[in-house]
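have a look at this prediction, sequence included:
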Amino acid sequence: MISIKVQTAPFNVGIETQLAHQNNLSAGALVCFSGFVRDFNDGRNVRSLHLEHFPGMTEKSLQKIAEEACARWPLLKVNIIHRVGTLNLGEPIVFVATLSAHRDAAFHACAFIMDYLKTRAPFWKKEQSAQGSVWVESKDSDQYAAKKWQESRTQKENFE
Amino acid sequence: MLKVLFFARYRETLGTEQLDLPYHPDLTHLEEVRKTLAKQGGKWQVLNDTGLMCARNQELVELHTPIQDGDELAFFPTVTGG
């Protein structure tokens, strides 16, 4: 019920959304988050993005994050896809799908997974723009977003 | 022997992605390894970065985490995936 994919190949958000729900008749709620390569960041016109990662640790850390989500909320399925390598404008970078009987668990778990992924999974973005290439700086807001989940350890029972 | 890996900006600055460091009992925690490398000065000072993160055997840990001979350690800038 947990699927983790780290890949260079592009994926189709629509197809992945359908696959996430497939064959799960107990699922009343599917929440999907997709992140895309944006054309503008910190005043720079972005041309493309390069994603570096730590092979081996990346998959383990995503698995751990998905398992923690399953421990906190009653989930039927967690699918995570994250791309690495060179990505063009408008292409999907990340996809997280959470499937549950009811929407509350699916909403919360999807947000939790993204907040933890952004602060704990070993990926680094390098932007290519007309000014050259620069490593993307981390944002304090991402750290705060992840921290709030540590402070409020939502219990699984609340959503059953 | 300790295997030490570097990623992203650190890898570029250091011009290396991996080095082997002879194990010494004084290297009790990741912090000692970081300090030993950083005090070489020059490009190694990148390891004094405030956003430094580290891993021991492919698991995210803090600098005060104890280490053992044979460990694979990694130092990298704050992650920016997603």
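Perfect, thanks for sending it. None of the values given here were measured: they were computed from a predicted structure.

the residue in chain B that chain A sits nearest to: what's it in contact with?
In chain B, the residue that lies nearest chain A is B:G81 (2.6 Å; C-beta to the nearest C-beta). C-betas here are computed from N, CA, C, even on glycine. Taking C-beta atoms under 8 Å, 6 or more residues apart in numbering or on different chains as the criterion, B:G81 is in contact with A:L51, A:H53, A:H82, A:I93, A:V94, A:L117, A:K118, A:A121, A:P122, A:F123, A:W124, A:K125.

and the fifth one, which of the three is it?
When you say that, I think you mean A:V94. Assigned by DSSP: H, G, I helix; E, B strand; the rest coil, the conformation of A:V94 is strand.

show me where the chain has its helices.
Using chain A. With helices called from DSSP state H, chain A shows them at A:13-21, A:57-72, A:103-120, A:140-151.

hm, I was asking about chain B
All helices of chain B, identified by DSSP H, fall at B:8-14, B:30-38.

for stretch B:6-18, buried residues please.
Buried residues in stretch B:6-18, counted by 16 or more other C-beta atoms under 10 Å in any protein chain shown: B:F6, B:F7, B:A8, B:R9, B:Y10, B:R11, B:E12, B:T13, B:L14.

among these, which ones lie close to chain A?
The subset of these within reach of chain A, by C-beta under 8 Å from any C-beta of the partner chain, is B:F7, B:A8, B:R9.

which bits of chain B sit near chain A?
Close to chain A, as judged by C-beta under 8 Å from any C-beta, chain B has residues B:5, B:7-9, B:51, B:55, B:58-60, B:74, B:76-82.
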